[in-house]
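[1] Provided below are the primary sequence and the corresponding predicted coordinates.
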Amino acid sequence: MNIEVSVLYFAKSAELTGLKSEIITVSSNITSLQLWQHLEKKHQRLFVLRGQVVLAVRQEYVPLSEEPLTLREGDEVAIIPPLSGG
């Protein structure tokens with residue numbers, strides 16, 4: 001079943017996509033890695049963050065993996081790239 005989720009982009013991911021947020025349609029049963037690949041396909045510049053980015057679903061961190069990720073209609077998915085600073 002396909003659902004709509006809200007994707008929130010922070011820091012470098014917002015810079016690379018030119019967006020702060022968007023609504024996308026994905027399968028409700030998807031892995032976090034498949035979700036990331038979907039976003040990379042849609043926004044090819046996100047590729048530079050692969051291996052460094054962390055997702056947060058319903059405000060809980062989710063590493064990129066092949067583990068099933070169950071999304072619900074209207075969920076928020078945050079894209080959190082590595083932060084730099086001093």
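    Great, that's in hand. Numbering: from 1, shown residues only.

[2] could you point out the longest helix in this protein?
    Using DSSP state H to define each element, the chain has its longest helix at helix 32-42.

[3] Now the element after that helix, going C-ward?
    strand 54-57 (DSSP states H and E).

[4] Can you list the strands that that following strand pairs with?
    Paired with strand 54-57 in the same sheet, following DSSP bridges, are strand 60-62 (antiparallel), strand 76-80 (antiparallel).

[5] Those strands: which one's closest to Lys20?
    Comparison of the strands paired with strand 54-57 against Lys20 by CB to CB identifies strand 76-80 as nearest, at 10.6 Å. Just so you know, the C-beta spots here come from the backbone N, C-alpha and C atoms, and that holds for glycine as well.

[6] How about residues contacting that closest one?
    The contact list for strand 76-80 (CB atoms under 8 Å, 6 or more residues apart in numbering) reads 5-11, 13, 35, 39, 46, 53-59, 61, 71.

[7] Next, the angle from it to helix 32-42.
    80 degrees (axes from the mean of the first three to the mean of the last three CA atoms, to 10 degrees).

[8] Can you mark which positions in strand 76-80 are buried?
    Neighbour-count burial for strand 76-80, counted by 16 or more other CB atoms under 10 Å, picks out Val77, Ala78, Ile79, Ile80.

[9] And for stretch 11-25?
    Per 16+ other CB under 10 Å, stretch 11-25 contains these buried residues: Lys12, Ser13, Leu16, Thr17.

[10] and the spatially closest residue to the last one that is not a sequence neighbour, how far is that from Ala56?
    Residue nearest to Thr17 in three dimensions, not counting chain neighbours: His43, with 4.5 Å by CB to CB, 6 or more residues apart in numbering. Computed with CB to CB, to the nearest Å, the distance linking His43 and Ala56 is 18 Å.

[11] what's near enough to touch Glu66?
    Here Glu66 is in contact with Thr31, Leu33 (criterion: CB under 8 Å, 6+ apart).

[12] does it sit in a helix or strand, and which one?
    Going by DSSP H and E, Glu66 is not in any helix or strand.

[13] Look up how far Asp75 lies from it.
    Distance, Glu66 to Asp75, by CB to CB: 20 Å.
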